[in-house]
Structures are given as C-alpha cells and as structure tokens.
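K.L.:
Structure, please.
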Amino acid sequence: MKMNTLNITKKIMNQYHIRANKRFGQNFLIDDNILKNIIEISNIGKNDLVIEIGPGLGNLSEYIINNSKFSILIEIDKNMEKILNDRLGKYDNYLLLNEDVLKINIDELIKKVELKNNTKYEQIKVVANLPYYITTPIIFQLLQESERIDEIIVMVQKEVAERMIAKPKTKAYGILTIMVDYLSDADIKFIVPNSSFIPAPDVTSAVIKLIKNKKYQVDNEEVFFKLIHSAFAQRRKKLSNSLESTHFMGFNKSQIENILLKNNISLNVRAEELTIQDYINIVNGL
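P.N.:
Here you go, the predicted structure:
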C-alpha cells in the first residue's frame with residue numbers, strides 16, 4: 001500500500017475546513033516512513049484485533065485496517081466522525097466509536113465485537129498515536145483494567161516514554177515506571193521528530209512497545225498499588241514520612257519504621273531509591 005499521507009492530510013484539512021484541536025491534543029502524523037515503522041514493529045497478524053485511540057484524520061488507521069482482521073477506532077472529537085467514515089468507508093473491517101476511551105470498559109467492548117463478528121481474535125493490540133495530555137491515564141487503563149489486551153504500541157512524548165523505562169535513583173523513576181514494569185515488558189523502539197506532524201508539537205516523541213507480562217509475585221496487589229501511590233505522593237520526603245502523611249494502611253510512624261527496618265531499608269531512603277522488588281518485599285512481608 002503506497003500513500004502520500006502529507007498530501008492526503010492537507011487535502012482533508014482543506015476539504016473539511018478542519019484544524020488540529022488543541023483541546024484534544026491533536027497533532028496529525030504525516031510521515032509515511034514513521035507510519036510504516038509503527039505497523040512493522042506492531043507485527044499485526046491477519047487474525048488480530050487492533051484498537052486505535054485517537055485516530056484523528058485516519059492516517060494511521062488506514063495502515064492498521066489494511067493489516068488487521070478487524071479494527072476498533074475510538075475518537076472523542078465529533079468533528080472527526082464524518083471525516084473518518086468518508087475516508088474509511090471503503091473498508092468493512094472496522095468499528096468507529098465517538099467516545100471518551102477513559103469511560104469505556106475495553107474488555108466488554110472486545111467481547112461485544114467478538115460476538116457480533118462471531119470471531120475469537122488471536123491477539124488484541126492497541127496501536128495509537130496517543131493524545132499527550134492524557135497518556136498516563138490511558139496507559140494505566142490499558143495495563144490495569146484490561147485482561148484481553150496483549151500488546152500496546154503507542155507514540156507518546158519522549159519524556160513519558162523515558163519515564164516508563166527509568167531506573168531507580170533517577171528523576172524519571174516513579175509510579176508510571178513501576179506500574180509499567182510490574183504489568184509489562186517495555187521497550188522504546190524509535191524516536192520521532194516533531195517535524196513528522198501537522199502542526200509540529202513543541203516536544204519530541206517516541207514509539208514504545210509494551211508486551212503485557214506479569215513477572216512478579218505479589219501477595220496483595222491492591223496493597224501494592226496503594227503502597228506505590230503513597231510512596232511517591234510526596235517524593236521529596238523520606239519514604240517513612242510520605243507513607244505516614246498519606247496514612248498508608250493506617251500505620252503510625254513507629255509501625256512504618258519497623259516495616260522498613262524489617263526489610264533492611266534505611267529510614268532515610270526516598271521513594272525513588274527502592275526497586276520494584278523492594279516494594280514487593282514490603283507488601284509480601286506485611
């Protein structure tokens with residue numbers, strides 16, 4: 001499939017008198033080499049279901065639809081609905097939803113599509129150029145709330161991608177790092193310059209691939225998540241103070257200090273100095 005996405009984008013924007021909507025964080029990807037690279041690393045099989053969040057004008061959508069068994073496009077901007085249906089109307093293997101992805105039960109949606117199409121999809125992937133202003137909530141939703149999604153291949157702000165794979169004792173290391181590590185294997189695939197978009201964003205982007213994989217053993221996942229959020233709630237404070245001020249599990253200062261000492265953790269340590277295994281050991285020892 002050969003496309004000149006830059007020319008197609010300009011033509012659509014002129015035809016429909018449309019401009020990127022800042023409210024929805026829209027930046028239209030117009031570099032065909034980048035689009036092809038995203039599809040290549042997504043390794044979409046002919047029996048795969050692909051979910052795209054924020055398809056915009058459909059530049060990535062057309063590549064996805066041509067490579068997948070079926071695609072679900074979730075677009076919050078009503079102005080894009082007609083454009084997408086006009087552009088993609090020649091295909092019969094997609095469903096367009098004009099909704100807020102954060103208000104959708106993804107697994108219920110997948111179930112409905114499988115029932116309607118009388119198909120059990122081999123793999124389910126999210127492939128998207130995510131709106132930067134809500135990247136983190138979407139990543140949490142896809143990782144935590146969905147049991148059906150196998151892989152997530154998304155373009156995000158480079159700084160956010162670096163936070164996902166950060167190491168302890170660095171500024172970038174935090175809740176997002178630990179949650180991504182706990183629930184997946186993450187790998188930054190390539191960097192995308194801002195010249196690849198209309199309009200060009202102020203930041204550099206990166207495409208990251210997350211393969212769902214629970215590789216850690218945690219006795220109580222709910223307590224683990226509470227611990228991580230409490231630990232990083234006031235990351236400049238000592239960990240013991242942060243846990244106390246956020247009332248973690250209702251423990252008092254003395255109890256918190258005993259828990260840390262029991263795990264051979266210094267009382268002067270800060271949240272970003274502990275590894276994910278350190279946090280798991282704290283939970284498993286409670």
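K.L.:
got any ranges where this structure has weak pLDDT?
P.N.:
Within the chain, the segments meeting pLDDT under 70 span 1.
K.L.:
hmm, try it at 90
P.N.:
1-3, 18-27, 122, 131-133, 199-202, 235-236, 286 (pLDDT under 90).
K.L.:
which residues in it form strands?
P.N.:
Counting by DSSP state E, the chain has strands at residues 28-29, 49-53, 70-74, 94-97, 124-129, 151-157, 184-192, 197-198, 205-212.
K.L.:
With distance to residue 259 and mean neighbour count as added columns, please give these in CSV.
P.N.:
All C-beta atoms are positioned from the backbone trio N, CA, C, and that covers glycine. Below are these laid out as CSV (distance: least, CB to CB, whole Å; neighbours: other CB atoms under 10 Å):
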stretch, distance to residue 259, mean neighbour count
strand 28-29, 47, 22
strand 49-53, 39, 27
strand 70-74, 42, 24
strand 94-97, 45, 18
strand 124-129, 37, 25
strand 151-157, 34, 23
strand 184-192, 28, 16
strand 197-198, 47, 20
strand 205-212, 30, 21
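K.L.:
Need those strands in CSV (columns: distance to residue 143).
P.N.:
Below are the strands of the chain laid out as CSV (distance: least, CB to CB, whole Å):
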stretch, distance to residue 143
strand 28-29, 23
strand 49-53, 14
strand 70-74, 17
strand 94-97, 21
strand 124-129, 10
strand 151-157, 7
strand 184-192, 6
strand 197-198, 26
strand 205-212, 7
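K.L.:
quick one: which of the ones you listed is nearest residue 137?
P.N.:
strand 49-53 (11.3 Å; CB to CB).
K.L.:
can you give me the helices in the protein?
P.N.:
5-15, 32-42, 59-67, 79-88, 106-117, 135-140, 158-164, 175-183, 221-233, 239-245, 253-262, 276-285 (DSSP state H).
K.L.:
Those helices into TSV, with extra columns for distance to residue 99 and mean neighbour count?
P.N.:
Output for the helices of the chain, formatted as TSV (distance: least, CB to CB, whole Å; neighbours: other CB under 10 Å):
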stretch	distance to residue 99	mean neighbour count
helix 5-15	22	15
helix 32-42	23	18
helix 59-67	16	22
helix 79-88	11	17
helix 106-117	9	15
helix 135-140	13	18
helix 158-164	23	20
helix 175-183	24	21
helix 221-233	26	18
helix 239-245	37	21
helix 253-262	42	15
helix 276-285	33	17
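K.L.:
Looking at these, which is nearest to residue 100?
P.N.:
helix 135-140 (10.5 Å).
K.L.:
Restricting the selection to alpha carbons, write the closest one to PDB.
P.N.:
Coordinates of each C-alpha in helix 135-140 appear next as PDB, following Å, rounded to 0.1, in the frame of the first residue of the first chain:
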ATOM      1  CA  THR A 135      -1.200   9.500  28.000                       C
ATOM      2  CA  THR A 136      -0.600   8.300  31.600                       C
ATOM      3  CA  PRO A 137      -4.300   7.600  32.500                       C
ATOM      4  CA  ILE A 138      -4.800   5.700  29.200                       C
ATOM      5  CA  ILE A 139      -1.600   3.600  29.800                       C
ATOM      6  CA  PHE A 140      -2.800   2.800  33.400                       C
END
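K.L.:
Any idea which of the helices of the chain gets closest to residue 94?
P.N.:
helix 59-67 (5.3 Å).
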